[in-house]
Each structure stands twice: as structure tokens, then as C-alpha cells.
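Peer 1: compute the structure for the input listed below.
(2 chains)
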Amino acid sequence: MTLILEQLLNGLLYGVMLFLMAAGLTLIFGIMGVINLAHGSLYMVGAFAGAWAASATGNFWLGLPAALVASTVVGIIVELGVMRRLYERDHLDQVLATFALILIFNELTVLLFGRQPIFLQLPDMLSQPIELLPGLLYPPFRLLIILVGLLVALGLYLLINRTRIGMLVRAGSTNRDMVRALGVDIRLLYTLIFGLGSMLAGLAGFMMAPVVSVQVGMGEQILLATFVVVVIGGVGSVKGAFVAGITLGVLDTGLRAFMPGLLRHLMAGPDADALGAGISSMGIYLLMAIVLLVQPKGLFPAKG
Amino acid sequence: MKLRTTLFALTVALASATAAFAADPVKIGVITTLSGPGGYLGQDVRDGMKLAIDMEGGKLGGVPVELVVEDDANKPANGRQIAEKMMGDEKIKLLTGIIFSNIAGAVVPDVVDNGAIYVSANAAPSNLAGPDCNANYFVVPWQNDSLHEASGIAAKELGYKRAFILAPNYQAGKDALNGFKRTFGGEIVGEVYTQLDQTDYSAEMAQIRAAKPDVVFQFHPGGLGIAFLRQYQQAGLLGQIPMVLSEPSSDAVVLKSLGDAAVGLKVTSHWSPDFDNAASKELVAKWKATYPDRPLTTYGTQGYDVARLIASALKATGSIDNIDAFRAALKKADFQSVRGKFSFGSNQHPVQDWYLLEVVKGPDGVPTTKTVRKLIENYGDIHAKDCKL
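Peer 2: Alright, predicted model coming up:
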């Protein structure tokens, strides 16, 4: 029982991580119509900036503002310098340009930090696991990540459903041209949304920095799953990103954790492990295929 | 008279041809992984080779050499493309550098079929060590299975009975778990294949906790290993369930990034920075002077040893124009390895000693490995008997 609970928490953690990445991506994709492959690079920028600031100052928490500011600023520079020229182009041009950005960011990071992974030490109060239930030990930093992720989801919900900017965002993802025709400065809105998406990616990067290794290419590792979340949730829908992110996180973790064990009842150990690993790595893509069959526009399509 | 002029002209032509030849450096193609999470592995292999070349003033074994380095980005298809370009356009006859076994599996057969020589600096998959071994394929570091068989021996000798084992789902990962199981002999309470691009191991941590093994053995090279060990620590398992590691999951960079948490880990390896031989001491000092910010990893030593092996063969032959002579010279392994004893077995994989190491706090506060004892002597690999060379 504690094992299932622990895996559920793990799935939740992976889910909120995917949500933080996908929320920005789905807004950028849905509202501006841009496929931004470089979103993972902003995640990397957040992780590197945070880890660097934290180790330079010796204070872990100073890494957080550094990560947020760095990823937002870099995101806005990218929007002003590159993305603006891509809105009217077709998707192939966008993919090529943003793929080039991945390469540029990776090489710049190599120049600045080198190829060796860097280390971000957790503060002592967060590094020892705490006992949630008898027998259920869990790292407090992971609980914090889940909490922050859920708070961000709530904040985004309020921002999008209760504020004027949110209204424009919703309008923009439903009918871009109408918003423009009504005299809204759509360019400013685009820059703001891109900055917001970048900031969320940077936040995700900083929070994952003490858990995974901070290194060049870390963004591409999470990017593919993020796109799956965006597709399943429905392009442009933050609600969809949240539901799909959590579902995918729990599904992926659950399959990885329990599939080999279940299969071991049916066949020999090594075969079960190999097959289980295979099935669980396919899981999220299978789900994507099924969702697309039933709901070709995703679970919560933003456009009618 | 006419004959004499012709002879004279011929002599001049020959002399200038030899001179031109001497000025043309021997090109060594280095296909390696320089980007992504495995990037520092390739960087260290490359820089180990560079260091050996720089120490001889741009030469190896007295022959000028030139490294042609290309990044395979950890993708087998890229590796193969680069190899074909190097052998085709640039007429390179000697290649090395591949880090990951799945790339070696795609590239090495192509290279040896083209009559070129491949000297491995890291990857040593089982499928190239047995019946499919090749006279043109030399491996300097280890054979994948042997590397992890040493860990199995260590776990057994340390008295552990029940092991939980994990590795990524690719050729070297399978070799790793097979190797460990072959020599461990105890009960395997869990066997998990992770993904090669996995970053979060929390699901595996929960499984390990639930299985309550005596010991955990895991093989996760490069950045994967850092993430795995860090999460093992954060899950509170590091103090509870001991871990035995083979060298790639605990190289100097992994240890540095783990900090004090790494102290006490048991590692099996063919080299440790505290080795008391002249070649090792020279390299440790030279590396520290050249790259003060980077710890010397075994990848660095393997690149260095590959270059020194090539140097020994070039010293004997002077060039690689006669590929048969060069191959024979390589096979003698007439160089001082930083590991001490080194020779090639019948399948041209190393026969060497394996050691048990323990992670201790180094003089500068950065964790390093200390030799505990020799585990096994003159150890080759299980696949050599299937190789008909």
C-alpha cells in the first residue's frame, strides 16, 4: 500500500513537471501558432542559471529568482529576435529555426559552463527524507516541487479565467485575427505570453536541478514527453495541459513501477523485465494514439 | 649518361616523396560523444589522447599525428555517417573514440569491413567480442561483461546475498547485468531496465525500498549515474542499503558532483588515481597541470592509453601504410598502461587486473577513490573463447 502511495506521489511529481513545461508550450503553440522546439533550452537555462547563482552565492534560495529572471529574459530576447519573424511562416520554417536555437543554446552553454554536469546542493532541511506515513519515507524537496506545481496551476487558472490578460489569452487562442481586429496590441501580448512560458520552463528547470544532473542537453530529455502532453491536452488549453500532464505522469510512473512485476506472474523474470520496460516506455505514446483516435483535437481543444 | 640522369631523377623523386610523407601527419579519426548528457565522457577521451600527443610535441611514437574529431551526438546513425565520411573523403585508416556500445555496434563492423583499424577507447559490447571479433578491432578499456563481473565478484566477497540490479535498456546495460549475475551467484530480488534517456528514478527507488535487498548494483554511465545516485541519496537509501558500483557509474565527475554523500561507496575498476606506477603518476600530474578544474576520469586515462598504444605501434612501424605490420605491432601492446599490467587476449580485448576501490574524501575535499585490494588477476573475458582469431 505504501508502495502504491509512494509511486502515486512520484507520478504526481512527474506530472506537475510536465505541466509546468507544457503550460508554456501549449500557450505559445495555441496562441501564436509557433512550434517551439527550443522550449527545452529555456528549461536548461533555468537550471544552469539557478545552479550557478546558488553555488556562487552559497544560498540555495537565491537560485530561484536567478533562474526565473534568466529564463524570462532569454525567452523575451528569443521572442523579439527570432520568433517574431516566424509567426507568418509555415511550420517547417519554425521547426528549422527553433531546432537551430537548440543547437545554439547547447553550444553556448558548453562555452560558458563546459560539458561536465554541475551540482546543486540542497539545503540541509530539505535533503533528509521525512516519514509521511509509517513506512512511507519521501524526500521533502519532492513534496515541495509537487506543492509549487499545484500552486502554479491554481495561479494560472486564476490568471487566465479571472483577469483581463487572461481574457485576451483565451480570446487569442480561440480567434487570433479577431483579437487583432479589435485593436489589441497582439505583439505585446505575444511577448508577454512567451516570457510567461519561458519563466515556467525556467521554474521547472530550477526545481529539477537538485534532482537530475544539470548538464547540456537536459532540455531535450523532457521535451518529447512535453509535446505529447500538449497534443493529448489539446493545443492551447492550459486546463488540458494540467489534466494530461498529471495523467501522463501517473501513467508513466505506474507502468514503469508495476508492469514488470505484473508480467512476472505470467513469464520468467528477465523476459518480464524486458517486456515490461518496453511496454512502459510505449505507454504514453499509446495513450496519445488512443486519445487522438477518439478526440482528434485533444481532450480540451481551445479552438472550436 | 642517360641512365645516370634517370637514376638521379628517380632518387630525387623518391627522396622528396619520403620527405613529403614524413611531413604528412598520420590522421586518426575520433568519433565520440561530445554533446548531451554523455558529453563529458567523449571530451575526456579526446583530451586524454590530446595530452599524450602534446607530451610528445604533436607526435606519437615519433610520428606526427593529427586528430580529426567529430561529435556523434550519441546517435548510432550519426556515428556511421561520420565513419563513412572519414574513411571515404579523408582516407583515414585508423579510427577510435566511440563511447556508447550501441554506437560501436553500428560503426565498428563498417570500419573493419573497409579494412581500416578501430581501437576502442570505451565501448566494448559483447556482440563484437565473441564469434564476430575481428583482426582489425582492438579494445583498450575492457570488455563490457568483465567490467561488471568484477562488481559481481566484489559483491559476493563482501558477503551480500540478495541483490537488486539496474541498468539502462541498451547493449551495454544488458552486458552489465549479465556480467554481474554471472559472478555474483546470489539471489537477484529485482532486475530493472531503465530508459537510456531517463532522468527521474523515483519509481525505481520505491521498488528498491520495497524489495529490501542486501546490496544494490547499478550501471548508469555519465549524467544518468549522477541523477541516479543523487536520487538514491535523497530517497534516504544511501545510508541504508549499500551499493556496489562498476567504474562507469562512479567516475571522478560523478563523485565530484555527489560530494560527501559518495564517501563509503564500493567501486570496482581497473584504475584509480592512487595507483603507484610511473605512467599513472605522470598522467595524474600532467592532467592536473593542463586541466586544473576537471578531475581525471577513467575515460581520460583510456583516451591516453589508446594514444600510447598507437604510439607504441607507430614507433615500431613508422607509419600505417602497411596495415598488417601496424596491426601486428598493436597486438603486442608494447606500452606502459596507467593501469600497470596490460596485454591483449585472443579476441584483442584486454587481459588485466581488477581492483576493489572505496570512495574516500580527497585532500582537496573532493571525493576520490582509494585502492582497497586486488580482486582478480589477469582477467580476460568470457567471450574470448568464441573468437576465432
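
Peer 1: just checking, residue B:310 touches residue B:61?
Peer 2: Yes: Residue B:310 is within contact range of residue B:61, at 7.4 Å (criterion: CB atoms under 8 Å). Just so you know, the C-beta spots here come from the backbone N, C-alpha and C atoms, and that holds for glycine as well.

Peer 1: those two - which one has more neighbours?
Peer 2: The residue with more neighbours, out of residue B:310 and residue B:61, is residue B:310; 30 against 21, by other CB atoms under 10 Å in any protein chain shown.

Peer 1: and the contacts of stretch A:185-196?
Peer 2: Contacts to stretch A:185-196, defined as CB atoms under 8 Å, 6 or more residues apart in numbering or on different chains, come from residues A:24, A:27-28, A:31-32, A:72, A:75-76, A:78-80, A:83-84, A:87, A:165, A:168-169, A:172, A:176, A:179-180.

Peer 1: and it, which residues are buried?
Peer 2: Residues of stretch A:185-196 classed as buried under the neighbour-count rule (16 or more other CB atoms under 10 Å in any protein chain shown) are A:186, A:189, A:190, A:191, A:192, A:193, A:194, A:195, A:196.

Peer 1: out of those residues, who's nearest chain B?
Peer 2: residue A:196 (24.2 Å; CB to the nearest CB).

Peer 1: quick one, strands of the stretch 151-300 of chain B?
Peer 2: Listed in chain order, the strands of the stretch 151-300 of chain B (DSSP state E, counting those that start in this stretch) span B:162-168, B:187-194, B:215-218, B:243-246, B:266-269.

Peer 1: compare those and say which comes out lowest on pLDDT.
Peer 2: Note on the strands of the stretch 151-300 of chain B: strand B:187-194 shows the lowest mean pLDDT, a mean of 90.

Peer 1: that strand packs against which elements?
Peer 2: Identification of packing neighbours for strand B:187-194 by 3 or more CB pairs under 8 Å, 6 or more residues apart in numbering or on different chains; DSSP states H and E yields helix A:269-294, strand B:162-168, helix B:171-184, helix B:202-211.

Peer 1: isn't residue B:122 right up against residue B:41?
Peer 2: Yes: with contact defined as CB under 8 Å, residue B:122 counts as touching residue B:41 (6.9 Å).

Peer 1: joint contacts of the two?
Peer 2: Common neighbours of residue B:122 and residue B:41, using CB under 8 Å, 6+ apart, are B:99, B:299.

Peer 1: my guess is residue B:29 meets residue B:91, correct?
Peer 2: No: in this structure residue B:29 lies outside contact range of residue B:91 using CB under 8 Å: 10.2 Å.

Peer 1: between those two, who's got more neighbours?
Peer 2: A side-by-side neighbour count of residue B:29 and residue B:91, using other CB under 10 Å, places residue B:29 first with 23 against 9.

Peer 1: and residue A:40, how far from chain B?
Peer 2: From residue A:40 across to chain B, the span is 12 Å (CB to the nearest CB, to the nearest Å).

Peer 1: phi, psi for residue B:276 please.
Peer 2: phi -100, psi 60 (degrees, to the nearest 10).

Peer 1: re earlier: now render the strands of the stretch 151-300 of chain B as TSV, adding mean neighbour count and distance to residue A:228.
Peer 2: TSV is the format used below for these (neighbours: other CB atoms under 10 Å in any protein chain shown; distance: least, CB to CB, whole Å):
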stretch	mean neighbour count	distance to residue A:228
strand B:162-168	24	21
strand B:187-194	20	19
strand B:215-218	27	27
strand B:243-246	26	33
strand B:266-269	24	38
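
Peer 1: nearest to residue A:208, of the ones you listed?
Peer 2: strand B:187-194 (17.0 Å; CB to CB).

Peer 1: how about the helices in the chain?
Peer 2: Since no chain was named, I'll use chain A. A:2-27, A:39-57, A:63-81, A:91-113, A:124-127, A:140-162, A:164-174, A:176-181, A:186-208, A:218-233, A:238-263, A:269-294 (DSSP state H).

Peer 1: try again with chain B
Peer 2: Counting by DSSP H, the helices of chain B are B:2-23, B:39-55, B:76-88, B:101-113, B:144-157, B:171-184, B:202-211, B:223-234, B:252-258, B:278-290, B:298-317, B:323-332.

Peer 1: show me what the fifth one is packed against.
Peer 2: Contacts of helix B:144-157 with other secondary structure elements, assessed using 3+ CB pairs under 8 Å, 6+ apart, are made with helix B:171-184, strand B:215-218, strand B:243-246, strand B:266-269, strand B:350-361, strand B:367-379.

Peer 1: now do 7 Å
Peer 2: Applying 3 or more CB pairs under 7 Å, 6 or more residues apart in numbering or on different chains; DSSP states H and E, one finds that helix B:144-157 contacts helix B:171-184, strand B:215-218, strand B:243-246, strand B:266-269, strand B:367-379.

Peer 1: residues from the stretch 201-304 of chain A in reach of chain B?
Peer 2: Contact residues, the stretch 201-304 of chain A versus chain B (CB under 7 Å from any CB of the partner chain): A:211-213, A:215-218, A:221, A:253, A:256-257, A:260, A:269-270, A:273-274, A:277, A:281.
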